[in-house]
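Student: Just to be clear, the model below is a prediction. Sequence and coordinates:
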Amino acid sequence: MTEDAGGVPSVGAAVHDTVRDRVGRVMGHVGPYVQLRPLAGGIEWDADPNHLRLLTPAELRSALVAEANARSRQPR
């Protein structure tokens, strides 16, 4: 998934929010904002598309492994 013609990440794209230093997946667009959700799910947040950067495939793999490792450390 990439960016649209205006440079805004497409729905489903994995991005880094440089303001919050968080990684998320694009869930939608409302007004001037992009709605992001953590890769492992959770509460969405609004982000300025000017402060988003698409993840490289290596960064996405690393983020997904980090999420899986964090889940594995949770008590059952």
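Tutor: Nice, I can see it.
Student: Tell me which residue lies nearest the centroid of the chain.
Tutor: residue 24 (1.7 Å; Cα atoms, centre = their mean).
Student: Please identify the helix or strand for that one.
Tutor: Assessed by DSSP states H and E, residue 24 sits inside strand 22-30.
Student: again, but for residue 11
Tutor: Per DSSP H and E, there is no helix or strand for residue 11.
Student: Now do the contacts for it.
Tutor: Residue 11 makes contact with 1, 26, 27, 28, 29, according to Cβ atoms under 8 Å, 6 or more residues apart in numbering. For glycine as for every other residue, the C-beta is placed from the backbone atoms N, C-alpha and C.
Student: can you rerun that using 6 Å?
Tutor: Contact analysis of residue 11 by Cβ atoms under 6 Å, 6 or more residues apart in numbering lists residue 26.
Student: picking up where we left off before, and the residue nearest to the centre of the chain, how far from residue 75?
Tutor: As defined by Cβ to Cβ, to the nearest Å, residue 24 lies at a distance of 25 Å from residue 75.
Student: Find the residue ranges of the protein scoring beneath the pLDDT cut-off.
Tutor: Confidence mapping of the chain against pLDDT under 70 gives the ranges 1-6.
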